[in-house]
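Q: Here is a sequence together with a model predicted from it:
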Amino acid sequence: MTQRHTNKSIIVTGAAGAIGFATCEVLAREGAELLMVDIAADRLAARAAELSAKGHRVIAHVADCADEAAVEGYATAAMQAFGKIDGFFNNAGIEGDLAPTHEYDIDMFDRVIRVNLRGMFLGLRFVLPHMVAAGKGAVVNTASIGSERGLAGACAYNAAKHGAVGLTRTAASEVAQKGVRVNCVMPGVIETPLLVGMLEQMFDDVAAGMKKLGEVATLNRVGQPREVGDVVSFLLSDEASYVNGAKWEIDGGALATIRNDI
Ligand SMILES: NC(=O)c1ccc[n+]([C@@H]2O[C@H](COP(=O)([O-])OP(=O)(O)OC[C@H]3O[C@@H](n4cnc5c(N)ncnc54)[C@H](O)[C@@H]3O)[C@@H](O)[C@H]2O)c1
């Protein structure tokens, strides 16, 4: 097993969720010490305990990623625990309700933007200064295939995820020459509770809906959280030293093609 993250300290938000935790597992196995951040305290404690039991150095830190003081708090906690922040997976997110734009609930719109876009900005706002001061670091933001396409019913989610690419590119241009890289991943249809939450609003039969959505990928299936984690780990590693401001599609080929065989 590659130990490409030995002696690295990495913050992961949404760490109690499917993609966040799968990424924590990959990063920890590859040698990183982790500050695991999530708002879901019980789930976070359980997942951190799972990694600790395997001998990994992890700290569970409960925080609302959309709250300014809480975000400053998790960046400070990482500095106090580890003395540095080498990597940051800025990943927490919610799906929000699905409804057409012309009927979309305005409070729900604000809620989704607050977590998915403001939360991502705040992460950059409070973590990047530590990396810039150290003259090194790597960040991966979680965007989505919804950063590139309109997904009917998901105006708030899509707007936030389009914004995630804008935040990534802007920050990448600002800190590149200070030794810090900022990229984003664009997961496609990944089998997680967030996806199930969306499918429940779209289909009576969630399993059939999942299979149908999997067919948009040339690989003809949905993806698994670990398949995102592996790419995130690479982007946070020195092996990606010439990758900056990029969008990495992890979607089984969905965005690249129009399937004409189904
Ligand atoms: N599952 C997919 O198909 C898919 C596709 C594209 C992008 N994504 C993105 O991947 C990321 C992870 O989602 P997932 O699929 O693993 O879902 P998930 O629901 O399993 O994980 C999301 C985690 O974020 C946490 N969270 C939510 N709001 C928070 C807040 N305010 N503060 C701190 N933590 C908060 C949740 O408690 C949860 O543990 C999200 O940004 C999502 O938009 C998912």
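A: That came through, no problem.
Q: my read: Ser9 touches Gly87, true?
A: Yes - between Ser9 and Gly87 there is a contact at 7.5 Å, judged by Cβ atoms under 8 Å. C-beta coordinates here come from the backbone N, C-alpha and C atoms, glycine included.
Q: Neighbour count for those two, which is higher?
A: Legend: neighbour count by other Cβ atoms under 10 Å for Ser9 and Gly87, higher for Gly87 (25 against 21).
Q: Surely that one touches Thr23?
A: No - contact criterion Cβ under 8 Å: Gly87 and Thr23 do not qualify, at 10.3 Å.
Q: Identify the contacts common to Ser9 and Gly87.
A: Overlap of the contact sets of Ser9 and Gly87 (by Cβ atoms under 8 Å, 6 or more residues apart in numbering) consists of Ala32.
Q: Quick one: name the residues of this structure near the ligand.
A: With Cβ under 6 Å from any ligand atom as the criterion, the chain comes near the ligand at residues 13-14, 16-20, 38-40, 64-66, 91-94, 115, 119, 142, 144, 187, 189-190, 192-195.
Q: Now, of the residues you listed, which are buried?
A: 13-14, 16-20, 38-39, 64-66, 91-94, 115, 119, 142, 144, 187, 189-190, 192, 194-195 (16 or more other Cβ atoms under 10 Å).
Q: what residues are up against Ala69?
A: Ala69 is in contact with no residue at all, counting by Cβ under 8 Å, 6+ apart.
Q: All the helices of the chain, residue numbers only.
A: 18-29, 41-53, 68-82, 106-113, 119-134, 155-175, 193-202, 206-214, 225-236 (DSSP state H).
Q: picking up where we left off before, cross the buried ones among the residues of the chain next to the ligand against strands and list the overlap.
A: Cross-referencing those against strands under DSSP state E gives Thr13, Asp38, Thr142, Pro187.
Q: Would you mind naming the residues that bridge with the second one?
A: Beta-bridge pairing of Asp38, defined through DSSP bridges, involves Val62.
Q: cool, and the last one?
A: Pro187 forms beta bridges with Ile250, as assigned by DSSP bridges.
Q: Please look at it and Ile250 and confirm they touch.
A: Yes - if you go by Cβ under 8 Å, Pro187 and Ile250 touch, sitting 5.0 Å apart.
Q: Now for those two: what residues contact both?
A: Residues touching both Pro187 and Ile250 (Cβ under 8 Å, 6+ apart): Gly223, Val228.
Q: Grab the most central residue of this structure for me.
A: Nearest to the mean C-alpha position of the chain, by Cα atoms, centre = their mean, lies Asn91 at 2.5 Å.
Q: quick one: contacts for that one?
A: Neighbours of Asn91 in contact, by Cβ under 8 Å, 6+ apart: Val12, Thr13, Gly14, Ala15, Gly17, Ile19, Gly20, Thr23, Val140, Asn141, Thr142.
Q: give me that answer again for 10 Å
A: 11-15, 17, 19-20, 23, 37-38, 65, 119-120, 123, 140-142, 185, 187, 228, 232 (Cβ atoms under 10 Å, 6 or more residues apart in numbering).
Q: Which secondary structure element of this structure has the lowest mean pLDDT?
A: Lowest mean confidence among the helices and strands of the chain (mean pLDDT, DSSP states H and E): helix 193-202, at a mean of 91.
Q: in that helix, what counts as buried?
A: Within helix 193-202, the residues scored as buried using 16+ other Cβ under 10 Å are Leu194, Leu195, Met198, Leu199.
Q: that older thread, out of the ones in strands among the buried ones among the residues of the chain next to the ligand, give me the two with the largest separation.
A: Largest separation among those by Cβ to Cβ: Asp38 and Pro187, giving 17.8 Å.
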